Structures are given as structure tokens and as C-alpha cells.
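>>> structure for the following, please:
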Amino acid sequence: QVLLVESGGGLVQAGDSLRLSCVASGRTFSQFVMAWFRQAPGKEREFVARISATSGRTYSADSMKGRFTISTDNAKNTVYLQMNSLKPEDTAVYYCAAGWYYSTERYRYNYWGQGTQVTVSS
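Next up, the predicted model:
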């Protein structure tokens, strides 16, 4: 079993930055692919970014490229999402996920955090 706990969300203004953190416990962190997804009210959960904790290889959704950066600190079993130039449309609950496949699909991720709310005001 893997426990994922996100933190770092909050209320910010458009143009601001936030860094989300997700601490993993329960299994060897470095074996996982870690990802961030988000879900806005009334919308489906969508892929944001993923990283291989083994290789450091990353991939971000096109709409987030250049603004969002995913990274890990394997010594701390932590994955981060640095979000810059935030927009009101980035408002959502952000979820951390862990799995074994380098994928953008939700069903490929076996473990999920409880989510952290990010609200961007205009």
C-alpha cells in the first residue's frame, strides 16, 4: 500500500505561482511513475504532468508546458508541481498519483492522494 499526501494548495491571484508537494510512503518511491492530475468543478479529471522517479524523465500536458514543472526529490519521497503564471482556469483540485506505467491515463495509476485545492482569482 502507498499513502500519498498533497499539500501547498491555496488561493492566489492570476499571475502568481504555487508549488504543490506530494509525499509518498509505504513503498520504494524510486520505482514509481509519479503524476499530477487536476479536476475542476463539473469537469473530468485531467492529466497535468508525470515523471519517472527512476530516470527523471518528464512529460507535461500541452496546455501546461512552459508554466508547470514536475520534479522529484527521491531522498524525501516527494514529488513537486511548480506552477507559474497561474490563470483562473487553473482552478481545480490537484491530485498526486503513483503507478508503474509512464502514462497520461488515470487508470494506469494505482495510488491517489486526497487532493489539494488551488483557486486562482482574476
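>>> centroid residue for the protein?
Closest residue to the average C-alpha location of the chain: residue 36 at 2.4 Å, with Cα atoms, centre = their mean.
>>> report pLDDT for it.
In this model, residue 36 is scored at 98, pLDDT.
>>> does it lie in a helix or a strand, and which?
Using DSSP states H and E, residue 36 falls within strand 33-39.
>>> ok, back up a step: go ahead and confirm the residue nearest to the centre of the chain touches residue 49.
Yes - using Cβ atoms under 8 Å, residue 36 is in contact with residue 49, at 5.2 Å. C-beta: built from backbone N, CA, C; applies to glycine.
>>> got any residues that touch both of the two?
68, 70, 81 (Cβ atoms under 8 Å, 6 or more residues apart in numbering).
>>> for the first one, name its beta-bridge partners.
The reference is to residue 68. residue 83 (DSSP bridges).
>>> same question for the one 4 residues further on.
Residue 72 has these beta-bridge partners by DSSP bridges: residue 79.
>>> could you count how many residues lie near it?
22 (other Cβ atoms under 10 Å).
>>> contact partners for it?
Applying Cβ under 8 Å, 6+ apart, the residues near residue 72 are 29, 34, 51, 53, 56, 78-80.
>>> buried subset of those residues as a PyMOL selection?
Buried subset of the contacts of residue 72, written as a PyMOL selection, criterion 16 or more other Cβ atoms under 10 Å:
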select buried, resi 29+34+51+53+78+79+80
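>>> buried sites along stretch 37-51?
Buried, per 16+ other Cβ under 10 Å, within stretch 37-51: 37-38, 45, 47-51.
>>> and for stretch 95-108?
Applying 16+ other Cβ under 10 Å to stretch 95-108 flags 95-99, 104, 106 as buried.
>>> out of the contacts of residue 72, who's nearest residue 19?
residue 80 (5.9 Å; Cβ to Cβ).
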